[in-house]
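1. my questions are about this predicted structure, shown below with the sequence.
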Amino acid sequence: MTSESNLPTSSKADLRRRILTERRRRSPEVRKAASHALTEHLMRELAMTSAGDIAAFLPLNTEPPLLAALEAAHRAGHRVWVPVVEADRAMRWCWWRPDAQLAAGSLPGLLEPVGPRHDIEIFRAVRLVVVPAVAVGADGVRLGFGGGYYDRFLERLAAAQPLPEMLVCVFHDEILATGSIPREPHDAVMTKALTERGVVALGSSEDHTPAPPRAE
């Protein structure tokens, strides 16, 4: 697995390529265990937020297996929104449920719900946002997939009131040492990560080590 000790500061493209290669090596058994754990941790986090909607994402096969957690959130009465990418590269949001009809999206490999698409106004009711990433630094700097969709979305969301709780979703060993991810002005900085080991606090670090997982 990827380790923060062997990932010195490098270009984003290099980091992205190396970490995505490691993701493809995770076994079905590891992914199944991660799915159960992510469900437990997400439901615990939802229990601590105000009742409301959740915005998340439908994971690719190599991403943290979040689907079971979204199904659990739906069963618990939370309306779940997931992103869709339109032809003008704008990101909109569709209501998702486990039996939703899915169709191929405009980005390779992505499936999107079929139905009405909404803009930022839905976030008046959203209380928790789960953001995808390739990795995140212990300082909160997010490494995305290179398209900039979430950076632009998070910039717009920053003006929303009340601002929802936000979690970046990665595998635990994808939380890299402070300074490992080069930061550009448009890059989003996160304060918490949802991982298979729990919710991890992120922030600036004096000793350049990943933040410890929250005590269970």
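-> Perfect, I can see it now.
2. every contact and neighbour count from this point should use C-alpha atoms.
-> OK.
3. other SSEs contacting the helix ranked longest in the chain?
-> The longest helix of the chain (DSSP state H) is helix 28-47. Judged by 3 or more C-alpha pairs under 8 Å, 6 or more residues apart in numbering; DSSP states H and E, helix 28-47 is in contact with helix 67-75, strand 192-195, strand 198-201.
4. next SSE downstream of that helix?
-> strand 53-55 (DSSP states H and E).
5. and that following strand, what does it pack onto?
-> Judged by 3+ C-alpha pairs under 8 Å, 6+ apart, strand 53-55 is in contact with strand 80-85, strand 126-132.
6. so which of the ones you listed is nearest Ala37?
-> Nearest to Ala37 among the helices and strands packed on strand 53-55 is strand 126-132; the distance by C-alpha to C-alpha comes to 15.3 Å.
7. other residues contacting the closest one?
-> The contact list for strand 126-132, computed with C-alpha atoms under 8 Å, 6 or more residues apart in numbering, reads 46, 49-57, 144, 150, 163-170, 194.
8. quick check: mean pLDDT of that strand?
-> What strand 126-132 shows for mean pLDDT is 96.
9. how far does that strand sit from the chain's center?
-> Chain-centre distance of strand 126-132: 8 Å, with C-alpha atoms, centre = their mean, to the nearest Å.
10. which strands or helices does the helix or strand just after it pack on?
-> Using DSSP H and E, the helix or strand that follows strand 126-132 in sequence is strand 135-137. With contacts taken as 3+ C-alpha pairs under 8 Å, 6+ apart, strand 135-137 sits against strand 142-143, strand 175-176.
11. next, the angle from the lowest-mean-pLDDT helix or strand in the chain to strand 126-132.
-> Ranking every helix and strand in the chain by mean pLDDT, DSSP states H and E puts helix 149-157 at the bottom, with a mean of 87. Here helix 149-157 points in a direction 150 degrees away from that of strand 126-132 (axes from the mean of the first three to the mean of the last three C-alpha atoms, to 10 degrees).
12. all set now, cheers.
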